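Engineer: Compute the structure for the input listed below.
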Amino acid sequence: MEALDFDSDDLELTEQVLSKAYTRMRIGSDGGPTRARVTRDVLGPVGIDQLEFTYNVGHHADVMGKICVCSVQSGTIVRQYFPDGDEGTFGPGDVFLYTPHDQSYAGVVHRSRYNLIMLDPDLLTRVAAGLPGRRPGPVRLTGDRPVSPAAARRLRDVNACLRDAIRTDRTMCEHQLLVSTAAQYMAANVLHTFPNTALTDPTIEDRHDAHPATVRRAVAFIDAHAHTDVSVADIAEATHVSIRTLQYAFRRHLDTTPMSYLRRVRLAHAHADLLAADPSTGITVTAIATRWGFLQSGRFAAAYRTAYGRPPHQTLLEDGP
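Structural biologist: Reported below is the predicted structural model:
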């Protein structure tokens, strides 16, 4: 995906831009002014889009190939069909799955402003692999509505937070570890928001292989690769066990998950960097947190205080060389 900043009242040009940004489609209006504004911020495999149409625009589109989640801010969006036959009319505050990634779609946007979260289906599968009791195979969303209003609100908040972070610091996309962490965070929230096929219980074989040696091998791999873009699948492969076995072993022997342990290791590295840093050189807590994949400075500070009993800026200013 590429970043996008489009503003035009040319209906034909709008159709061309939308077809390039999403999938081939035909659009039509109800007459009158046809102003369209579309922006896209890109975070690795995730696109965070803002769209606004000042007119009623109908669209018929081909398969998109992306998970596409919509959050309506104003106006109304009518989804004309969906696999379960539900047309669906959505207004301000509603969050819904705009279209399945593998089917064509159609609808009418009634003078609406809305956000779209765009991500590859493979990213959901990768993130779901880190869930305890994960069922092998691709993950599929089984519903188009949030599991609860609270889940919808959280997804809207995460969307706004990531979009604001990108726009505040355009250099953040240069940090591979940070981009990977943020993209997985977004995908995880999509999984928590919509019903899906991700979970099942560990098998007898998983329980049998979840011995302390499995944890020792996994911990050694995490310690050696915490500075890289590591997924739970990478850890399981290096440890020579299934992902479910790895998850069960960490819960059984460490009362945590592999990814939680990885975050703890990265926090320890950030602590060491804060101790070694010289604040007179201009180094900041945010820069160190970013280096270790922590997107939100407030969450990093809270986690740091819990682990070390003091705020990170105090360590930087008082405990350095």
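
Engineer: Could you use CA atoms for every contact and neighbour count after this?
Structural biologist: Noted.

Engineer: So, low pLDDT: which residues of the stretch 201-321 of the chain?
Structural biologist: Filtered on pLDDT under 70, the stretch 201-321 of the chain yields the residue ranges 201-210, 319-321.

Engineer: what about the helices in it?
Structural biologist: Per DSSP state H, counting those that start in this stretch, the stretch 201-321 of the chain carries helices over the ranges 204-209, 212-225, 232-239, 243-254, 258-276, 285-291, 297-308, 312-318.

Engineer: As a markdown table, those with mean neighbour count would be great.
Structural biologist: Shown next, in a markdown table, are those (neighbours: other Cα atoms under 10 Å):
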| stretch | mean neighbour count |
| --- | --- |
| helix 204-209 | 14 |
| helix 212-225 | 17 |
| helix 232-239 | 19 |
| helix 243-254 | 23 |
| helix 258-276 | 19 |
| helix 285-291 | 20 |
| helix 297-308 | 15 |
| helix 312-318 | 17 |
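
Engineer: Same list (the ones you listed) but as TSV, adding distance to Thr171.
Structural biologist: As requested, those are exported to TSV (distance: least, Cα to Cα, whole Å):
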stretch	distance to Thr171
helix 204-209	42
helix 212-225	23
helix 232-239	27
helix 243-254	34
helix 258-276	19
helix 285-291	11
helix 297-308	15
helix 312-318	22
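
Engineer: Out of the ones you listed, flag the one nearest Ala182.
Structural biologist: Among the helices of the stretch 201-321 of the chain, helix 285-291 comes nearest to Ala182, with 10.8 Å by Cα to Cα.

Engineer: what's that closest one packed up against?
Structural biologist: Using 3 or more Cα pairs under 8 Å, 6 or more residues apart in numbering; DSSP states H and E, the elements in contact with helix 285-291 are helix 176-193, helix 258-276, helix 297-308, helix 312-318.

Engineer: Outline the domain layout of the chain.
Structural biologist: The record's domain parsing of the chain by automatic domain parsing lists 4-120, 262-318.

Engineer: did I read that right, Arg145 in a strand?
Structural biologist: No. Read with DSSP: H, G, I helix; E, B strand; the rest coil, Arg145 is coil and lies in no strand.

Engineer: Give me the phi and psi angles of it.
Structural biologist: For Arg145, the backbone dihedrals are phi -120, psi 150 (criterion: degrees, to the nearest 10).

Engineer: so Phe6 sits in a strand?
Structural biologist: Yes. Membership of Phe6 in a strand is supported by three-state DSSP.

Engineer: need the contact list for it.
Structural biologist: Going by Cα atoms under 8 Å, 6 or more residues apart in numbering, Phe6 touches Ala36, Arg37, Val38, Thr39.

Engineer: so what pLDDT did it get?
Structural biologist: Phe6 carries a pLDDT value of 95.
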